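Q: return a 3D structure for these sequence lines:
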Amino acid sequence: MKAQLKAARRRMALLFMSREARRHALVGPPQLWEMKRKFQIDYLRAQGLRPEHVLLDIGCGTLRGGIPLIDYLQPGHYHGVETRAEVLDEGRRELQEAGLSGKAPVLWVSEDLGGEEREHRYNWAWAFSVLIHMPDAVAEGTLSFLGRHLVDDGQFHANVNLGERREGNWQGFPVVWRSLDFYRDMAARHGLQVEDVGSLHALGHRSGAESQDEQRMLRFWRAG
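A: Numbering: from 1, shown residues only. Here you go, the predicted model:
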């Protein structure tokens, strides 16, 4: 009953949102989509992303974060992968409405990158609020893919919940807490190293929700 009431309230709230907010509510709190969009490109540029780099956005969703990245990067240099075809369809509509189709981003659907081989190699990979929703096997497959597809000096950044192992749920996806040692061990199996960059709050993410702002940003790179 509580779940049904919550869903009804959410549907009612969507009626009063802007088109953009309704679209991006598919991937997170609708009132925070603009802040989360700005945070992503600001963070990546501060870390050294340049227009000539090729970036893979894992869990690109509705292109909430992707639109300014597509605009910033050279044509064809933004690649986005998403598990839900209907969500990526909304992203394609967002791309067209933004007038950025000419930037020719590469967008595709995949439920698990582990077994995939792509012709491109990536300077950057990015997973914003995605790794926290991956079961262990899918996270392992993702790092396996990146171990094969990052260029030698490439790097992967992702925010995670660090702590004692536990799980919650969000829109049918797990919400997972794992230890830093867990990520270190997983990364090492695929020729990668990892470090804790800092809390999202310290890096400029200000949602007002401690559960979000205190997530940690991890950086993965190829082991020497």
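
Q: and L131, what does it touch?
A: Listed by CB atoms under 8 Å, 6 or more residues apart in numbering, the contact partners of L131 are A139, T142, A158, N159, V160, L218. All C-beta spots, glycine's among them, are computed from the backbone N, C-alpha and C.

Q: which members of those residues are the farthest-apart pair?
A: T142 and N159 (13.9 Å; CB to CB).

Q: between those two, which contacts overlap?
A: Counting by CB under 8 Å, 6+ apart, the shared contacts of T142 and N159 are A127, L131.

Q: rewinding a little: whichever of the contacts of L131 end up buried, select them in ChimeraX.
A: Provided next is the ChimeraX selection string for whichever of the contacts of L131 are buried by 16 or more other CB atoms under 10 Å:
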select :139,142,158,159,160,218
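
Q: could the contacts of L131 go into TSV alongside distance to G59?
A: Listed next are the contacts of L131 as TSV, based on distance: CB to CB, whole Å:
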residue	distance to G59
A139	12
T142	9
A158	9
N159	11
V160	13
L218	15
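
Q: can you list which of the contacts of L131 are found in helices?
A: Those of the contacts of L131 mapping onto helices are A139, T142, per DSSP state H.

Q: show me where the chain has helices.
A: 2-15, 19-24, 33-47, 66-72, 85-97, 136-149, 180-188, 210-213.

Q: only the buried residues of the last one, if you could.
A: By neighbour count, and taking 16+ other CB under 10 Å as the criterion, the buried residues in helix 210-213 are Q212, D213.

Q: show me what contacts the closest residue to L63 other than its chain neighbours?
A: In space, and not counting its chain neighbours, L63 is closest to G91: 3.9 Å by CB to CB, 6 or more residues apart in numbering. Residues near G91 by CB under 8 Å, 6+ apart: C60, G61, T62, L63, G66, G80, E82, L107.

Q: and those, which is closest to A98?
A: Nearest to A98 among those: L63, at 8.2 Å, using CB to CB.

Q: any idea how far A158 is from the closest one?
A: Counting by CB to CB, to the nearest Å, the gap from L63 to A158 is 18 Å.

Q: next, count neighbours for the residue nearest to I58 when sequence neighbours are not counted.
A: Spatially, and ignoring its direct neighbours in sequence, I58 is nearest to A127 (4.1 Å; CB to CB, 6+ apart). By other CB atoms under 10 Å, 25 other residues sit near A127.

Q: so A127 touches F156, yeah?
A: Yes. Using CB atoms under 8 Å, A127 is in contact with F156, at 7.4 Å.

Q: so where's the chain uncertain?
A: 1-32, 170-172, 224 (pLDDT under 70).

Q: relative to helix 33-47, how tilted is the top strand by length along the chain?
A: Using DSSP state E, we find that the single longest strand of the chain is strand 150-162. Here strand 150-162 points in a direction 130 degrees away from that of helix 33-47 (axes from the mean of the first three to the mean of the last three CA atoms, to 10 degrees).

Q: residues contacting I67?
A: R37, E94, L95, A98, L100.

Q: of those residues, which is the nearest to G191?
A: Set against G191, the nearest of the contacts of I67 by CB to CB is R37 (32.2 Å).

Q: picking up where we left off before, parallel or antiparallel, which strands does the longest strand of the chain pair with?
A: Pairing partners of strand 150-162, with direction, according to DSSP bridges: strand 122-127 (parallel), strand 173-178 (parallel), strand 216-222 (antiparallel).

Q: pull out the buried residues from it.
A: Buried residues in strand 150-162, counted by 16+ other CB under 10 Å: L150, G154, Q155, F156, H157, A158, N159, V160, N161, L162.
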